[in-house]
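>>> pasting the structure only:
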């Protein structure tokens, strides 16, 4: 499997060089040449070539008896202290769609202790079946305990797809499970779909800072596993009339299986910044010039009844804590109105906010990339514009 | 001629750029405004072995070379001329003479803590009546048994009042003229040594520039640096090296101003297009960028000559002459490009222009550099 | 105490810009750096070395020969030993193949008490290699570490959650993944830079050296494959409102209220 340049077709136009996210193509004697140390076989060059001079050899998924033994879609239902995480509902919505396309059952896998009430909730939000592991040692999440129980269940029941929310816990658990099952795992997906012909999962995620999207498949291993970015998928409307099966599974778990002890769980005293659910977000970036600038940002956010976001540059500068960060490495948000102040629009920031309903950018630099995704742009000094905006918003709210 | 930096030098450059951006730039405007010596920066530089870059590890240094040290001064000066000169005066003028002329005991006792950054160093040659004409020293040192007694005063001493160790020049035999000058290592706590007036300056305002006063100052005999009567040679050779440091400071200031222009010209719009699109400014900018690069080659070349133990006095003088005049020209034009914003303290440009001027004056004025260059070439 | 720190050299994506005309990545002049979270991992190891005697730090990376610079920088920061695992056979490895390759390298290193990894790399953001390496080595893991204490053979760590943190304890040997909140990485020292190049070496190990078969690494052993990549269609540019005065702001709010957005 590799990328091949068809030298007779290559015109040396350099389009592939520009398209390569990994700097793996050079021109040698007027023809493209692949540096295989850097090439990841991603195929961006193939798509860019106008002369069909690039061939990416790929292995096709072969239907084998072994793989067809796997059936059904599983969603990991994450709960903390007996409360279901919101993300789990989003996963159920997405899982339902996938299961329907495949014509198979959707199961929620629920681990915990004495949380029977959650089982009904999972069914109301779309699960056909709840695989419920009720055990004292599963009360709190532990890597060892949860990995053991879930891998045993997978080996026994053989689902074809297992999706897990990309929360801090999900991202601790999923790679551990996939490694133990010797299967593939695609991180932080923003889109899932089914290739109905081949019956395989298409897992799409932003790559290279969101500049390209990559669709990833797991052709020869089962289950196909993904973690899914919270806030991206849509949950179903609750349907109290939905019926389903709750399967209480017997599990074999001993204290000595768990090598990391949970001594304490501390809820953060600081107010949680709920960017994901916010209708209005006002974000500040490096253009603020100093940490005090966020006071102004907060004032505008308060006037709108929204919350404060930030770019990674502002977080890296230590101006604001990381829980405010929007973007590839921060939160993905889709508020009604997103106001970017002094944010140039580095691609990793755009990746986290470009699905907002309405984007407003305020920036000194008219060429800032943020303007390319914004619905409305104001070129100017945010320290002049934002105070006026605050006044006008307040006035408008009073008039209403 | 090889203009490529070694991997070590590349990494020093990357390190100094990051250090300067994160630790030095954020306080540059404040220390200028408040005339505050950035003691905290000196301590941080000591922690990362930046205070003795060209000296061997055994002597407390980083085991590096002159060019790496020069790059450090350049990168610091790019964001803050003050910090650049503190390092330059300390390394080239305070520590280097001991490295070159000191005894093993003097190196152990003084160079080591200087190179480690535990002590800060300074250099006292200039007097009220002996500026460019450095031979006209009036400070005198008289040997009395096991010690010298020094009387007199020095002015415009960089790092004065902040330093722990001073290289001081004084007449041990007035009748012999320049051959009667000797160099001494003076600790700040020696009896009879005090700090006089601290100058209020136009630029490099965070650095300390002071008067040094010697009244029956007792200096142990073993603190004589080099031989008696060889002080003038020590001073001149030290200044040859120091000039590369000041040239690097000037280069850094010029590069900093140029970088500000690059940013501003793309951002600022007039008549509906960015400044970068106006040919009049493009030509000005192109000249600035070209001179900065030319200055860099002169400065690096002088440093490499020194590293290769080749004669470098002419190259150092050329580097300092050209780099300092480039710094003045580039910063002046940078203010012009920035218009009104270039003139106000909210932007760093006017500070860079004020900082640049001194590089044409200290460690030999531009006129002295021309004397040196011509004298060496017309020999 | 023997520590292994796994690092990755990455392009500084903060410096990556898009060409406004062509919409393509401007890669020219984008510096390669040590991944941020990995620097926190190294810093934590160095702090343990400052605090306790007999701490030995090995920095390990899998990457192309150019990753040498990242290892030299680690040495300049204070690491004792540096190993670059590099082989054309590793190309195209997904996270699981990478983890398996690192496992082979760690087994060759042999003796370790703690393995530190950064949580995730800024060019991939998967956060998978650390836990997969822990699984492959059969080690207990604590991810998202924001605070660490060592007492004898015991490790006590705070693990960040979205809404707080857990206090976790385990025993060495173990694998920990670190995040920004854990510490403030130090700079290299200038002395360290010259030592890194003049006195220390970067060991180069290929597939044969770590005794990994070609079925266990690279594309062939990666369960996931990239089927397709595409450029997300950027949202079309909206309206630039002229001016930046009061009228402009009023106009903006009028448009928002017209669309019932406010």
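The structure has been received and is ready for your questions. Being a predicted model, the structure only gives us computed values, none of them experimental. Residues are numbered from 1 along each chain as shown, chains lettered A, B, ... in the order given.
>>> where exactly do the strands run in the stretch 151-262 of chain C?
Assigned by DSSP state E, counting those that start in this stretch, the stretch 151-262 of chain C shows strands spanning C:154-161, C:164-171, C:174-178, C:202-205, C:225-230, C:239-241.
>>> Any idea how many residues pack against residue B:135?
By the criterion of other Cβ atoms under 10 Å in any protein chain shown, residue B:135 has 13 neighbours. C-beta coordinates here come from the backbone N, C-alpha and C atoms, glycine included.
>>> What backbone torsions are found at residue A:186?
Per-residue torsions, residue A:186: phi -110, psi 130 (degrees, to the nearest 10).
>>> which residues are contacting the helix or strand of chain B with the lowest mean pLDDT?
The weakest-scoring helix or strand in chain B, judged by mean pLDDT, DSSP states H and E, is strand B:269-270 (a mean of 80). With contacts defined as Cβ atoms under 8 Å, 6 or more residues apart in numbering or on different chains, strand B:269-270 is touched by A:366, A:379, B:275, B:278.
>>> Point out the other helices and strands that the next helix-or-strand element following it packs with.
Per DSSP states H and E, the first helix or strand lying C-terminal to strand B:269-270 is strand B:273-274. Strand B:273-274 makes packing contacts with helix B:231-267 when contacts are defined by 3 or more Cβ pairs under 8 Å, 6 or more residues apart in numbering or on different chains; DSSP states H and E.
>>> Just say helix, strand or coil for the residue lying closest to residue A:191 once chain neighbours are set aside.
Counting by Cβ to Cβ, 6 or more residues apart in numbering or on different chains, residue A:204 is the residue found nearest to residue A:191 once chain neighbours are left out, at 3.9 Å. Assigned with DSSP: H, G, I helix; E, B strand; the rest coil, residue A:204 falls in the strand class.
>>> residues in contact with residue A:204?
Contact analysis of residue A:204 by Cβ under 8 Å, 6+ apart lists A:189, A:190, A:191, A:192, A:193, A:213, A:214, A:215, A:216.
>>> how does it look with 6 Å?
A:191, A:213, A:215 (Cβ atoms under 6 Å, 6 or more residues apart in numbering or on different chains).
>>> can you give me the strands in chain B?
B:121-124, B:140-144, B:147-158, B:165-171, B:181-187, B:193-198, B:209-220, B:224-225, B:269-270, B:273-274 (DSSP state E).
>>> Return the most buried member of those strands.
Here the criterion is mean neighbour count by mean count of other Cβ atoms under 10 Å in any protein chain shown, and of the strands of chain B the winner is strand B:121-124, at a mean of 28.
>>> re earlier: can you tell me which of the contacts of residue A:204 end up in strands?
Using DSSP E, these in strands are A:191, A:213, A:215.
>>> burial count for the second one?
Number of residues near residue A:213 (other Cβ under 10 Å) recorded here: 19.
>>> Show me which of the ones in strands among the contacts of residue A:204 is closest to chain B.
residue A:213 (29.7 Å; Cβ to the nearest Cβ).
>>> Who is the closest one paired with across the strands?
With DSSP bridges as the criterion, residue A:213 is bridged to residue A:206, residue C:230.
>>> circling back to that earlier point, what's the most buried one of the strands of the stretch 151-262 of chain C?
Burial of these is given as mean neighbour count (mean count of other Cβ under 10 Å); strand C:174-178 ranks first at a mean of 26.
>>> just checking, residue A:261 touches residue C:169?
Yes: using Cβ atoms under 6 Å, residue A:261 makes contact with residue C:169 at a distance of 4.9 Å.
>>> need the strands of chain B in CSV with distance to residue B:51, can you?
Output for the strands of chain B, formatted as CSV (distance: least, Cβ to Cβ, whole Å):
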stretch, distance to residue B:51
strand B:121-124, 9
strand B:140-144, 28
strand B:147-158, 15
strand B:165-171, 12
strand B:181-187, 17
strand B:193-198, 21
strand B:209-220, 20
strand B:224-225, 20
strand B:269-270, 44
strand B:273-274, 42
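>>> which stretch in these is the model least sure about?
For the strands of chain B, mean pLDDT drops lowest on strand B:269-270, to a mean of 80.
>>> Can you tell me the strand partners of it and which way each runs?
strand B:273-274 (antiparallel).
>>> and the strand it pairs with, how far out from the chain's middle?
39 Å (Cα atoms, centre = their mean, to the nearest Å).
>>> who's in contact with it?
Here strand B:273-274 makes contact (Cβ under 6 Å, 6+ apart) with residue B:266.
>>> And the helices in the stretch 101-250 of chain C?
Here the stretch 101-250 of chain C has its helices, by DSSP state H, counting those that start in this stretch, at C:129-137, C:190-198, C:246-258.
>>> repeat for the stretch 101-250 of chain A
Under DSSP H, counting those that start in this stretch, the stretch 101-250 of chain A gives helices at A:116-124, A:143-157, A:168-181.
>>> Out of those, which one sits most buried?
Mean neighbour count (mean count of other Cβ under 10 Å) peaks for helix A:168-181 among the helices of the stretch 101-250 of chain A, with a mean of 25.
>>> I'd guessed residue A:168 sits against residue C:163; true?
No: contact criterion Cβ under 6 Å: residue A:168 and residue C:163 do not qualify, at 9.6 Å.
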